[in-house]
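Requesting a structural model of the entry that follows:
(2 chains)
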Amino acid sequence: EADIYQTPRYLVIGTGKKITLECSQTMGHDKMYWYQQDPGMELHLIHYSYGVNSTEKGDLSSESTVSRIRTEHFPLTLESARPSHTSQYLCASSDSGRTNYGYTFGSGTRLTVV
Amino acid sequence: RKEVEQDPGPFNVPEGATVAFNCTYSNSASQSFFWYRQDCRKEPKLLMSVYSSGNEDGRFTAQLNRASQYISLLIRDSKLSDSATYLCAVNTAGNTGKLIFGQGTTLQVKP
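Predicted coordinates for the structure are as follows:
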């Protein structure tokens, strides 16, 4: 059972609304990541963090922002949702001391902006 | 050219068949390699890490070819439940832990 949790699981929201996607892990992993994935398409890294107060933008430009105030928590915020933000958002974490273990992913948030 | 490339397939095979996927990577300094399995509308789950000497887990065998810069996944005696998308992942240089994922190879095992 994965110890990384994402909420909400599904979200349908109107254009222009502010939303925050939650991601928490209980494994004490120092690194956390946000990926965006459209159906049948590849994963795109949009944000990552190597520890508390460390955040970086990923390879895919995103209008979202993230914060890492606590090790276990890595929320993603969209200030003004648009239909183009409709996608699946996957949070992941890893332990820099155990690079052979790869990432553990949360179950994802499927976001629909109408 | 993408950093990590996979043939998207789909690979349609009968139950009991042996199937192999390859994944090429461009950064020769990459050190960590993985195969993930992703079911439709679910999150990727780690299938196995890929070690330099190759490794096996039941019906699954992973190999690394550093000279040609690819990793492979062999599935023997395919089951219906093996139907999924298989993603390879390769770390970026410098041991930052950041993985680059391939687009995935879809496998459909037919009765």
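
and residue 52, how many neighbours?
Picked chain A for this. As a burial measure, residue A:52 scores 14 neighbours (other C-beta atoms under 10 Å in any protein chain shown). For the C-beta atoms, the positions are set from N, CA and C on the backbone; glycine is no exception.

Not quite, go with chain B.
Residue B:52 has 10 nearby residues by other C-beta under 10 Å.

Surely it and residue B:64 touch.
Yes - using C-beta atoms under 8 Å, residue B:52 makes contact with residue B:64 at a distance of 5.7 Å.

which residues touch residue B:39?
B:84-85 (C-beta atoms under 8 Å, 6 or more residues apart in numbering or on different chains).

what does chain A put close to chain B?
Counting by C-beta under 8 Å from any C-beta of the partner chain, chain A comes close to chain B at A:2, A:31, A:33, A:39, A:41-43, A:45, A:48, A:50, A:88, A:90, A:94, A:96, A:99-108, A:110.

hmm, try it at 6 Å
A:31, A:42-43, A:90, A:94, A:96, A:99-100, A:102, A:105, A:107-108 (C-beta under 6 Å from any C-beta of the partner chain).

ok, of these, which one's closest to residue B:9?
Distances from residue B:9 to the residues of chain A next to chain B, taken as C-beta to C-beta, are shortest for residue A:42 (13.5 Å).

most centrally placed residue in chain A?
residue A:34 (3.2 Å; C-alpha atoms, centre = their mean).

so how far is the helix or strand hosting that residue off the chain centroid?
For residue A:34, the enclosing helix or strand under DSSP states H and E is strand A:31-37. In terms of C-alpha atoms, centre = their mean, to the nearest Å, the centre of strand A:31-37 is set 5 Å apart from its chain centre.

Can you give the strand pairings for it, parallel or anti for each?
Counting by DSSP bridges, the strands paired with strand A:31-37 are strand A:44-51 (antiparallel), strand A:87-94 (antiparallel).

Out of those strands, flag the one nearest residue B:77.
Taking C-beta to C-beta, strand A:87-94 is the member of the strands paired with strand A:31-37 nearest to residue B:77, at 30.6 Å.

who's in contact with that closest one?
Strand A:87-94 is touched from outside by A:4, A:6, A:21, A:23, A:25, A:29, A:31-38, A:103-106, A:108-110, B:43, B:97, with contacts defined as C-beta atoms under 6 Å, 6 or more residues apart in numbering or on different chains.

rewinding a little: which of the strands paired with strand A:31-37 is buried the deepest?
Comparing the strands paired with strand A:31-37 by mean neighbour count (mean count of other C-beta atoms under 10 Å in any protein chain shown), strand A:87-94 ranks first with a mean of 24.

Helix or strand next in line after that one, which one?
Following strand A:87-94 toward the C-terminus (DSSP H and E): strand A:104-105.

strand partners of that next one, parallel vs antiparallel please.
Short version: by DSSP bridges, strand A:104-105 pairs with strand A:87-94 (antiparallel).

since we're on the residue nearest to residue B:69 when sequence neighbours are not counted, how many residues are nearby?
Sequence neighbours aside, residue B:25 is the residue nearest to residue B:69 in space, at 5.4 Å (criterion: C-beta to C-beta, 6 or more residues apart in numbering or on different chains). By other C-beta under 10 Å, 22 other residues sit near residue B:25.
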